[in-house]
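Enquirer: output the structure for:
(4 chains)
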2 protein chains.
Amino acid sequence: MTTIKDVAKLANVSVGTVSRYINGHRIKEENRRKIEEAIHQLNFKSNPFARGLRTNKTLTVGVLIPRITDIFCTQVIEGIEEVLNPLNYSIVICSANDSPEQQSEKLKYLKSKYVDGMIVMPVNSLELDVEEIVDDGIPVVLIDRLVKNCELDAVVCDNVNGAYSAVEMIINKGHRKIGIIAGPQDIYTAQERLTGYLRALTDYNIEINEDYIVYAEYKKDGGIEALNQLLSLKDKPTAVFTTNYPTTVNSMKVIMEKGLKIGEDISLCGYDQTDLFQMFHPPLSVVVQPCREIGISAAEILLKRMNGDFGGHPQIQRLKTKLITTDSVKRLF
Amino acid sequence: MTTIKDVAKLANVSVGTVSRYINGHRIKEENRRKIEEAIHQLNFKSNPFARGLRTNKTLTVGVLIPRITDIFCTQVIEGIEEVLNPLNYSIVICSANDSPEQQSEKLKYLKSKYVDGMIVMPVNSLELDVEEIVDDGIPVVLIDRLVKNCELDAVVCDNVNGAYSAVEMIINKGHRKIGIIAGPQDIYTAQERLTGYLRALTDYNIEINEDYIVYAEYKKDGGIEALNQLLSLKDKPTAVFTTNYPTTVNSMKVIMEKGLKIGEDISLCGYDQTDLFQMFHPPLSVVVQPCREIGISAAEILLKRMNGDFGGHPQIQRLKTKLITTDSVKRLF
DNA sequence: ATCAAAAATTGAAACGTTTCATTTTCTTCA
DNA sequence: TGAAGAAAATGAAACGTTTCAATTTTTGAT
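Expert: Numbering: from 1, shown residues only, chains lettered A, B, ... in the order given. The predicted model follows:
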């Protein structure tokens, strides 16, 4: 193991000078040359422990997400990596497995690992015990979901308008009886999407029918019961808007199992995107979120904070969604 | 920041004793009590840098995968986490973005981060410059794919028999003209799956038709051209076996775009599993890999190595696949 | 009660950096 | 050419652990 001392000796300068070179301070041209030569010759790699011991910096950021197998999350991560990896940051990814308890645990865990900053997608919008972390001066950036009573930087989608545009499209195709599978109202995105739905109906003077609003978990198996409830109404909706990935997938599953045809017997518009959604007949209408961009933005804000720039805190960035319109929502005239 | 010294002072013992307590060595009952009390009172957390500086251990393992958005990879990761997280290991995940160059880079990167061990799913089976890492005594466990000239521990699926069982099923449904979209032959799994295909045909005395064997990249857009090639043959195959997730998805896409119906106009059997595959009409026949178990096994082997137990090296573990049989492969009699 | 052996504790060195008060070297201008 | 000021280099302390030789305490046999 070669150390900075070996380099100093070979280059015939002091360790302090080598350290200054490594950290990008100005040194005499001749010494720079000698040090570079020595580093190369000895294949010197600076020891992160020793550095961390002095600086308390790890060049590591923690990313906490609800679930690692969620395609939304992994696309966000790709965006984060795109920004942070070139700067030599490590990313430690933790999954809360959809559980608030595990979320707490992993938060502590990341703190104990001395990450320089965190990007967190909260499991719900009720609680996030980041106080201790923030008090310690570790910057935290939220993604996708805001949390009550948390004054944190955040990058979210414009869920209100995302939902609004979907429902508007459904209305414009002639539907008036529009069901929604909303999410748990303790989740920020779920609230917003419901708001978008309500606002669209209101703007188009369509009366709101409480029976058409059903709630489901935003988890792996969420939405099955909810859709069944909608379909068992005497006066069934002609179109259903599902508001996240699992409820969309599960609704498709239920509809198909019942032998109904999407876009004919019942219209469906979903949320979040998969290649596969566009391969059904007809392809599925969906609200698409700019996942990668969310990751990029979050990483950039975090970077700014980690560099000590706390201007404009808390900075809340809202990204636009995109609507894919297909025949999965039937034109009624 | 409270240190071991503060604890020692409060508990009225020496730092050495506190250290021994922390590392689980035997100490006098009375001291244990006092130390525990002090640690609790001061909310002491041991500093990973200082420890690492002495021990050169990070309690971190690196996981290098071809692509983070690949569902196969993330399920494997869930398995790894299941084993490693309870033991307080951090997992640093790196994606090679399907590029051998990035793979090399990330490998170096992980090494520079002083991970205690690595789990690597290689981008291909040709090269993996882990020599330097292995020479440094950092244990490496391969998953899913073996690499030429690499004597490493590995957890892989029995791809030969996975493919064999799929092709056998197709044969048993009466098909004789069976196409395969094989993968790049520099990828271990692709080789094996082709072998399984060939072996099944041979065992059932079906002549091998070179025209029915086409190759595709195992990447995001792989398989489109390959399937088109099969479908444009004068004597088209009646069934096609696609040998990984992207080629399966893309084949479905091509078939549907041509207005053909899977299980009627052409039979299809794929590889790897998604919820969505079972929602098509008919659902898709696929070879399913035990992703989570792969992760678990790999983590367990790695753990053993990191604890200094090198018995039975290189240990190569082979897990069985499962076949889901549906009407996407038509019964011909 | 005594002593030898075993067990536990102590305290200081070492790990490889960064940092900072000093010292040395370089630059500029009269 | 010399002096003052600026720039760069020096070297030792400090970061918070672990480890190990030396020391103290405990145990158990006589």
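
Enquirer: in chain A, which helix or strand is least confident?
Expert: helix A:131-135 (a mean of 87; mean pLDDT, DSSP states H and E).

Enquirer: enumerate every residue touching A:Thr202.
Expert: Applying CB atoms under 8 Å, 6 or more residues apart in numbering or on different chains, we find A:Thr202 in contact with A:Ile208. All C-beta spots, glycine's among them, are computed from the backbone N, C-alpha and C.

Enquirer: which SSE is it in?
Expert: helix A:188-203 (DSSP states H and E).

Enquirer: give the pairing partners of the very next helix or strand once past that helix; include direction for each.
Expert: Next helix or strand after helix A:188-203 toward the C-terminus (DSSP H and E): strand A:213-215. Partner strands and pairing direction for strand A:213-215 (DSSP bridges) are strand A:178-182 (parallel).

Enquirer: could you give the mean pLDDT of the strand it pairs with?
Expert: Average pLDDT, strand A:178-182: 97.

Enquirer: then that strand to CSV, C-alphas only?
Expert: What follows is strand A:178-182 as a C-alpha-only set of coordinates in CSV (Å, rounded to 0.1, in the frame of the first residue of the first chain):
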residue,chain,number,x,y,z
ILE,A,178,-65.5,8.6,-15.2
GLY,A,179,-64.2,6.5,-12.3
ILE,A,180,-60.9,7.0,-10.6
ILE,A,181,-58.8,4.6,-8.6
ALA,A,182,-57.1,7.1,-6.3
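
Enquirer: identify the residues contacting it?
Expert: Contacts for strand A:178-182 (CB under 8 Å, 6+ apart): A:167, A:170-171, A:190, A:193-194, A:197, A:201, A:206, A:212-216, A:223, A:226-227, A:230, A:237-243, A:247, A:251.

Enquirer: quick one: it to helix A:188-203, angle?
Expert: Interaxial angle, strand A:178-182 versus helix A:188-203 (axes from the mean of the first three to the mean of the last three CA atoms, to 10 degrees): 160 degrees.

Enquirer: give the buried residues for the least confident helix or strand of chain A.
Expert: A:Ile133 (16 or more other CB atoms under 10 Å in any protein chain shown).

Enquirer: before we move on, what about stretch A:40-51?
Expert: If you call a residue buried by 16+ other CB under 10 Å, then stretch A:40-51 has these buried ones: A:Phe44, A:Asn47, A:Pro48, A:Phe49, A:Arg51.

Enquirer: any chance of those in CSV, plus secondary structure?
Expert: Converted to CSV, the buried residues of stretch A:40-51 look like this (DSSP: H, G, I helix; E, B strand; the rest coil):
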residue, secondary structure
A:Phe44, coil
A:Asn47, coil
A:Pro48, helix
A:Phe49, helix
A:Arg51, helix
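
Enquirer: grab the two from those that are most spread out in space.
Expert: Farthest apart among these by CB to CB are A:Phe44 and A:Phe49. That separation is 15.1 Å.

Enquirer: if we can go back for a sec, from the contacts of strand A:178-182, which would you call buried?
Expert: Buried members of these, scored by 16+ other CB under 10 Å, are A:167, A:170-171, A:190, A:193-194, A:197, A:201, A:212-216, A:223, A:226-227, A:230, A:237-243, A:247, A:251.

Enquirer: for A:Gln317, give me its contacts.
Expert: Neighbours of A:Gln317 in contact, by CB under 8 Å, 6+ apart: A:Ala154, A:Val155, A:Val156, A:Ser297, A:Ile301.

Enquirer: er, A:Val13 I mean
Expert: Applying CB under 8 Å, 6+ apart, the residues contacting A:Val13 are A:Asn31, A:Lys34, A:Ile35.

Enquirer: which one of those residues is nearest to chain B?
Expert: A:Ile35 (18.8 Å; CB to the nearest CB).

Enquirer: just list the residues touching the closest one, thanks.
Expert: Neighbouring residues of A:Ile35 by CB under 8 Å, 6+ apart: A:Val7, A:Ala11, A:Val13, A:Thr17, A:Val18, A:Tyr21, A:Ile27.

Enquirer: what kind of secondary structure is it in?
Expert: Secondary structure assignment for A:Ile35 (three-state DSSP): helix.

Enquirer: and it, how far is that from A:Asn43?
Expert: Relative to A:Asn43, A:Ile35 is positioned 14 Å away (CB to CB, to the nearest Å).

Enquirer: how about A:Lys34?
Expert: The gap separating A:Lys34 from A:Asn43 is 16 Å, by CB to CB.
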